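Q: starting from these lines, generate the structure:
(2 chains)
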Protein chains: 2
Amino acid sequence: MYEPPVQRLVDELARLPGVGRKSAQRLAFHLLHVDEADAERLGNAIIDLRKQVRLCDRCFNITADIECSICLDLRRDPTSVCVVERAQDIAVLERTQEFTGRYHVLGGAISPIAGIGPDQLRMKELVARIDSESITEVIVATNPTVEGDTTALYIARLLKPLGVKVSRLASGLPVGGDLDYADEITLGRALSGRKEL
Amino acid sequence: MYEPPVQRLVDELARLPGVGRKSAQRLAFHLLHVDEADAERLGNAIIDLRKQVRLCDRCFNITADIECSICLDLRRDPTSVCVVERAQDIAVLERTQEFTGRYHVLGGAISPIAGIGPDQLRMKELVARIDSESITEVIVATNPTVEGDTTALYIARLLKPLGVKVSRLASGLPVGGDLDYADEITLGRALSGRKEL
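A: Got it, this is the predicted structure:
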């Protein structure tokens, strides 16, 4: 047992994902030894995060305003929408600089095992946007997992009757990867998704 | 790049030891999704830590008061002192429930490579305590490293002329360990430190 203020911080840190009791102790004692200003900045950044951040009214991305910077960007194509499971996926896709439309954050993927059905996700909001924003193309960028695939299929069935072009990110070998290290499912997808040269 | 409040937290988290950019992002987005009260508790625990905690006037342990709970505990033997490198080592030793004296936190170990000599450690404070607290026994519990061993030898030479009994934690095989996995230096120490049965 440590002194109460130390113990309290260890307990709070140990609740974070991937942080065990040992790492929590190490982090707490690290914070005891850094400049007080540094520790305070971290503490305030955590508190401010929740005070200053909300979900975009349109796409449910993380934002400090009513709408996120992507939805507000007039240079982006409003008729093309990329559907992602979580807000943090947007930053990964943005880094590719390949997509110039807007996003839609579902808040997860369909998972019967975890008890998550379409109603727990932002499907109604997606359908509503198709009409109100005249969206003509939806790119489903859910994860290449069983849940992500199920969700992509569900969205395709939901939106195709509305005349929307629905596509899914390609599965296949990672660039720079090695055939030797590819699992058979990835390799199978790479085969079935082969492109003529 | 994320929205500024998120990015700021990612940057602050990534400065922690053992937390890379990827973990920092994961932690930040985790904190975006937990209860706001939970996030606030963590933020406040970090800020309060530095506001509520100081070093014990006597032994330099972490404390919320002028002296730490161990120094203030009247049941503990004031004539026996265990010297440790860092305050967090005290909790580890306390868990053994084998030591009933007080502690002294050096603040590190002698390391010519890192430019840490006896003057950068709390040696003077240790010597002053010998006299003022009538300490008769000092157990050196520095780490079993070159630096810890050097520090232990230095303390022994410093305190023996004062008539203090100085000892060092035994080095040897960890309990529950396997000879196969012991390195030769540990095994050598275990041999030279063998006890008659």
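
Q: domain parsing for chain A?
A: Structural domains assigned to chain A are A:4-52, A:73-168, following automatic domain parsing.

Q: is the shortest one up against chain B anywhere?
A: It stands for domain A:4-52. Yes. Interface with chain B: domain A:4-52 contributes A:4-6, A:8-9, A:12-13, A:15-19, A:23, A:25-32, A:36, A:38-50, A:52 (Cβ under 8 Å from any Cβ of the partner chain). For glycine as for every other residue, the C-beta is placed from the backbone atoms N, C-alpha and C.

Q: state the distance from A:Leu173 to chain B.
A: Separation of A:Leu173 from chain B (Cβ to the nearest Cβ, to the nearest Å) stands at 22 Å.

Q: meant to ask about A:Val92
A: On the measure of Cβ to the nearest Cβ, A:Val92 and chain B end up 10 Å apart.

Q: for B:Glu147, find the nearest of the domains of chain A.
A: domain A:4-52 (17.6 Å; Cβ to Cβ).

Q: same question for the closest one, mean pLDDT?
A: Mean pLDDT, domain A:4-52: 92.

Q: start to end distance for it?
A: Taking Cα to Cα, to the nearest Å, domain A:4-52 runs 30 Å from one end to the other.

Q: equivalent analysis for stretch A:164-173, please.
A: 28 Å.

Q: try stretch A:69-78
A: End to end - Cα to Cα - stretch A:69-78 spans 13 Å.

Q: same thing with stretch A:102-116?
A: End to end - Cα to Cα - stretch A:102-116 spans 25 Å.

Q: could you identify the longest strand within chain A?
A: strand A:77-84 (DSSP state E).

Q: how far off strand A:77-84 does whatever helix or strand comes next after that strand point, in degrees?
A: Once strand A:77-84 ends, the next helix or strand along the chain (criterion: DSSP states H and E) is helix A:88-96. Angle between the axes of helix A:88-96 and strand A:77-84 is 120 degrees (criterion: axes from the mean of the first three to the mean of the last three Cα atoms, to 10 degrees).

Q: list the helices and strands helix A:88-96 packs on?
A: Applying 3 or more Cβ pairs under 8 Å, 6 or more residues apart in numbering or on different chains; DSSP states H and E, one finds that helix A:88-96 makes contact with strand A:77-84, strand A:101-105, helix B:21-33.

Q: which residue sits closest to the most centrally placed residue in chain A, ignoring its sequence neighbours?
A: Nearest to the mean C-alpha position of chain A, by Cα atoms, centre = their mean, lies A:Arg86 at 2.5 Å. Distance criterion Cβ to Cβ, 6 or more residues apart in numbering or on different chains; nearest residue to A:Arg86, sequence neighbours excluded, is A:Val105 at 6.6 Å.

Q: burial count for the one you found?
A: 25 (other Cβ atoms under 10 Å in any protein chain shown).

Q: hang on, it packs against A:Thr63?
A: No. Contact criterion Cβ atoms under 8 Å: A:Val105 and A:Thr63 do not qualify, at 10.9 Å.

Q: find residues that contact each of those two.
A: Residues touching both A:Val105 and A:Thr63 comprise A:Leu55, with contact defined as Cβ atoms under 8 Å, 6 or more residues apart in numbering or on different chains.

Q: can you pull the pLDDT of A:Ile185?
A: pLDDT, read off for A:Ile185, is 81.

Q: what's the helix or strand for it?
A: helix A:184-192.

Q: contacts for that helix?
A: With Cβ under 8 Å, 6+ apart, helix A:184-192 has contacts from A:Pro144, A:Ser171, A:Gly172, A:Leu173, A:Leu179, A:Ala182.

Q: again with stretch A:5-15
A: A:1-2, A:19-21, A:23-25, A:27-29, A:31-32, B:38, B:41-42, B:45-46, B:48-49, B:52-53, B:62, B:64.

Q: show me which of those are buried.
A: A:2, A:19, A:23-25, A:27-29, A:31-32, B:38, B:41-42, B:45-46, B:48-49, B:53, B:62 (16 or more other Cβ atoms under 10 Å in any protein chain shown).

Q: who's in contact with A:Arg75?
A: A:Thr100.

Q: can I assume it sits in a helix?
A: No. Applying DSSP: H, G, I helix; E, B strand; the rest coil, one finds A:Arg75 to be coil, outside a helix.

Q: for B:Ala64, see how far away it is.
A: Using Cβ to Cβ, to the nearest Å, A:Arg75 is found at 55 Å from B:Ala64.

Q: do A:Thr63 as well
A: 40 Å.

Q: what packs against the longest strand of chain A?
A: helix A:88-96, strand A:101-105, helix A:123-132, strand A:137-140.

Q: can you give me how far the second one is from the chain middle?
A: If I follow you right, that is strand A:101-105. 11 Å (Cα atoms, centre = their mean, to the nearest Å).

Q: against which helices or strands is it packed?
A: helix A:69-72, strand A:77-84, helix A:88-96, helix A:123-132, strand A:137-140.

Q: go again using 7 Å as the cut-off
A: With contacts defined as 3 or more Cβ pairs under 7 Å, 6 or more residues apart in numbering or on different chains; DSSP states H and E, strand A:101-105 has these neighbours: helix A:69-72, strand A:77-84.
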